[in-house]
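Asker: 3D, please:
(2 chains)
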Amino acid sequence: MKQENIRNFCIIAHIDHGKSTLADRLLERTGTIAKRDMKAQILDSLALERERGITIKLVPVRMDYKDSQGREWVLNLIDTPGHVDFAYEVSRSLAACEGALLVVDASQGVEAQTVANAYQAIEQNLEILPVINKIDLPSARPENAAQEIQDVVGLDASDAILASAKDGRGIDEILERIVERVPAPKGDANAPLQALIFDSVYDNYRGVICYVRVINGVIKTGQNILFMQTQSAYPVNEVGVFKPGFTPVDSLGPGEVGYIAASIKTLAEAQVGDTITDLNNPCEKALAGYRKVKSVVFCGFYPVERDNYPQLRDALEKLSLNDSAVSFEPETSEALGFGFRCGFLGLLHMDVVRERLRGEYDVELVATAPNVVYEVVTQGGEIIEAHRPSDFPDGSVIQEVREPFIKLSVFIPAEYVGKVMQLVQDRRGTYKSMDYLTPERVRLVYEMPLSEFIIDFHDKLKSQTRGYASLDYEFIGLRAAELVRVDILVNGEAADAFSFICHKDQAYNRGHAAVGKLKELIPSQLFEVPIQASVGRRVIVRMNVKALRKDVLAKCYGGDITRKRKLLEKQKEGKKRMKQIGKVAIPQEAFLAFMQVDGENNN
Amino acid sequence: MIKIKNISGLYIHVPFCKAKCAYCDFYSIALTSSSPDGLLNSQLEIDAWLDALELEAKLWRNAAGGKLKIKTLYIGGGTPSILSLSAWQRLIKIILSLCDLSNLREASVEANPSSLILNKDLLKFWRENFITRVSLGVQSLNNCELKILGRVHDASMALKALNLIINANFNASADLIFGLPKQDLRSWHNSLKLIINSGVRHISAYQLTLEPHTPLGKIYKDADLPDGYKFYRYAQWLLNHKNFAQYEISNFALKGYECQHNILYWRQENVLALGPAASGYIDGLRYKNPESLASYYKILRENLYFNNILACAENLDLKSRAIECAVLNLRTRDGISKREFILKFGEELFKSIEKILLSLPENLFIINKDRIALSAAGMRVGNAIWAELMDL
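Answerer: Here you go, the predicted structure:
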């Protein structure tokens, strides 16, 4: 294919604005996929993506398109995830494209994440084509949506394409507009090879498969290539394009998007953002890569059955082969046994990983409540990274504790301003600014601790605004805060698994909530069990689990004592699986209920 | 072959009922006698059971090398009182062929109100044939509660039957169930009061347990039942107040009218058991007969009886026997006798059991020189205390 007939583009859209359906229509119209083979939303290949109707992994696909004048084109669509957690994947897709469709829902208008992604596209000099989707809906207000694109994003939307991915309106226009407006890729076929790895996945048979965009030169089967960052070299086994699915071709030239396989064993050897060049004729300079993603939310994953630890480890290792953003290291918990402390890009990412472990790797696991990483400065000036409450040194030696902060932008209909301000302020947010994007839509900007954000903030925001709010956030670094460790004591014994870090003003409320919850979860024992929350040596909350009052059951009938004994033995087995804190036996379920995130859905 | 000596008690299971009660998980089959055909079939079924029982008794007699000198007899079910007089005659004959009754102190029969009222000659027959005690399945004296339980009698029938038993000069006992759906303390008080005033000398009070396979277990969940605590505690208070001492977790009696047969179980003494689904204990061997008439007949007919018992029985080692004995003893007012326990199981096992018990709150026990027993509060949480002993 001639370089001038290639068009590389991506789609920028908010979750739910119809991106995946639109992509499906494009595939169908170009005959890439026969209508009868269409599964709903073909690009969302992870089971979870289809289930939740969201895109998580970016997925490239190549379409062969013949326009109304009979000209033939190759269109490479690189799909991007819409959720804020996966913003880093967006930047990767953008780097492989020359154009972007900016899809906006005709009734909902521009959302925060769309703005952020559109800005990234502008920054990378992409041609942006506004599309107003879902015009078939009765609530559609395409003029308003166009106005928002102009006012909020700042792009000319006078010739925005009006489309309905559902009934197929506007699809031809989109294809024609892409061909017409998106520039052909530049690049020199005779220059030394320079190809950007924009993603990679692991395949059991072929090893790591790198998704590449060739900038200069040509890559072909048999060629010896060099990964510039890792300095490792491999002969190429296979070169191909996404049709969709892996379809081998002889070579990929400048501007083309495809994949290579070279029997690479681990993702670490073929890192996303690295540049591939020819071993014998290397280019001078690597392409600008991506910033390394950093885990911001952490939680513990533990197998439900302790014996399943090796399965969990294997599953995490496999999963990390195609999700390099997950980090994990072994840890042990007194209550839950052996498990892993895992790092994620955000809460949705955490959920996604958990779901994938369950769905794709068949591992049942317990996830502890998410937390952030604190920095503790001791009196001696030493800096400790505290991942869990037990990493906190004694209060007397702490000089300062720092926690990660974010800048939070919330986009809401004007009527919810009061409610949302209250919510953010309750979470230690500091007001920065408020502006009216349109008379009905407001952007609120706050700075708040990440730790306050990761505990069900998104859920609360959604429910306070009937789902109309959207948000975006960015990290603004660590800041000192008055944080304390709250210890929980069960029958006078410290129970590490239940301790937590919080702001000193919230210690009482959080302590009260934790103790109250434990009071419900810990079964009555033969004696009264005090449960206390303390900061340092000072007890701030105390409640008692009342002593068991009655436990007599069933007639011991006609001398059938075996039956009674078996029941008691069963009870004993159950007790073995409990965790003993001092004299108190606490069932596993109580730990799980205490540690698990409240409310399963965080997206 | 099983060696038997020192059999203290004999239990016989009568596996027939007029109708299955909604809560009952014990083995019995419902007999239909409403049609002439049904009646005939019932008689055939009962005859077959008696044939098998006769065979079983003979096997044990041969094993023992003579008659068993039992102290107590308990004929339970099922509903023993629905057997006809002629069936009873045969049953008594079987018992006499197996047992020497010269030391017999107590012979109990279970009955239900509806069959006893229809079968009044039975009381006279029992009186003439060494039966001393009749335990009546009253369960409740509230008609709504009786309906929920699926009982065929109502409150007035139950009181009438109790009256017949007492007038015929038997030691009468009544069973009551608490923790029923919709039951409240008033209705429980009323059932208890009427029973106390009826002249019985022994009362058993059980909490309803929902067994998953029973009709009641399918309709209700545990959460639908009221908390049993208040009923149990009230029964402990009221019955004690009326001179019915709590001599066991579920049993209350006027002084001298404790059920001797049940005490054998709590003292871990040898009890021989006959009939399908019956459970016996002989020197550390806990056995249970097959839980269906068909397989019960089969093992007897095919001469596989002892093989079957040995194959299915549990042979408890010393430690399990000691734990079991402690649990059983702790069900009773008398509790564990230190002297007797050490004699049976040795000092070391006693010490470790004592250690566990002494680590629990004191108010749960009554401890004196030789005995450790549960207090009233301890009995209320008996299950949890026994569960602690399972850690040994």
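
Asker: show me the shaky parts of chain B.
Answerer: For chain B, the stretches with pLDDT under 70 are B:1-2, B:33-40.

Asker: which bits of the stretch 251-392 of chain B sit near chain A?
Answerer: Residues of the stretch 251-392 of chain B lying near chain A by Cβ under 8 Å from any Cβ of the partner chain: B:265, B:271, B:273, B:278-281, B:286, B:288, B:314, B:324, B:327-328, B:331, B:359-361, B:364, B:379-388, B:390-391. For the C-beta atoms, the positions are set from N, CA and C on the backbone; glycine is no exception.

Asker: these in strands, which ones?
Answerer: B:271, B:273, B:279-281, B:286, B:288, B:314 (DSSP state E).

Asker: got those residues as TSV, with neighbour count columns?
Answerer: Formatted as TSV, these follow (neighbours: other Cβ atoms under 10 Å in any protein chain shown):
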residue	neighbour count
B:271	24
B:273	24
B:279	21
B:280	25
B:281	27
B:286	21
B:288	20
B:314	16
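
Asker: farthest pair within those residues?
Answerer: Checked with Cβ to Cβ, these reach their widest spread between B:271 and B:314, with 14.9 Å between them.

Asker: and the gap between residue B:20 and chain A?
Answerer: Plainly put, residue B:20 is 15 Å away from chain A if you go by Cβ to the nearest Cβ, to the nearest Å.

Asker: which strand residues bridge the closest residue to that residue other than its chain neighbours?
Answerer: Of all residues not flanking residue B:20 in the chain, residue B:30 sits nearest, at 5.2 Å (Cβ to Cβ, 6 or more residues apart in numbering or on different chains). Note on residue B:30: beta-bridge partners by DSSP bridges are residue B:17.

Asker: my read: residue A:268 touches residue A:230, true?
Answerer: Yes - counting by Cβ atoms under 8 Å, a contact exists between residue A:268 and residue A:230, whose distance comes to 7.5 Å.

Asker: number of nearby residues for whichever residue of the stretch 51-200 of chain B sits closest to chain A?
Answerer: Of all residues in the stretch 51-200 of chain B, residue B:76 sits closest to chain A, at 5.3 Å by Cβ to the nearest Cβ. Residue B:76 is flanked by 22 other residues according to other Cβ atoms under 10 Å in any protein chain shown.

Asker: partners of the longest strand along chain A in the sheet?
Answerer: Across chain A, the strand with the greatest residue count (assigned by DSSP E) is strand A:398-413. Here strand A:398-413 has these sheet partners by DSSP bridges: strand A:374-378 (antiparallel), strand A:441-449 (antiparallel), strand A:470-480 (antiparallel).

Asker: what's the shortest one in contact with?
Answerer: It stands for strand A:374-378. Outside strand A:374-378, the residues within contact range by Cβ atoms under 8 Å, 6 or more residues apart in numbering or on different chains are A:383-386, A:391-393, A:397-403, A:478, A:483, A:501.

Asker: and that strand, which residues are buried?
Answerer: Across strand A:374-378, burial judged by 16 or more other Cβ atoms under 10 Å in any protein chain shown covers A:374-376.

Asker: related to what we said a few turns ago, list only buried entries from the contacts of strand A:374-378.
Answerer: Using 16+ other Cβ under 10 Å as the burial test, the contacts of strand A:374-378 include A:384, A:386, A:392, A:398, A:401-403, A:478, A:483, A:501 as buried.

Asker: which ones are touching the residue in the stretch 351-500 of chain A that chain B sits nearest to?
Answerer: Closest to chain B within the stretch 351-500 of chain A is residue A:491: 12.8 Å, counting by Cβ to the nearest Cβ. Under the criterion of Cβ under 8 Å, 6+ apart, the neighbours of residue A:491 are A:529-531, A:581-584.

Asker: all set now, cheers.
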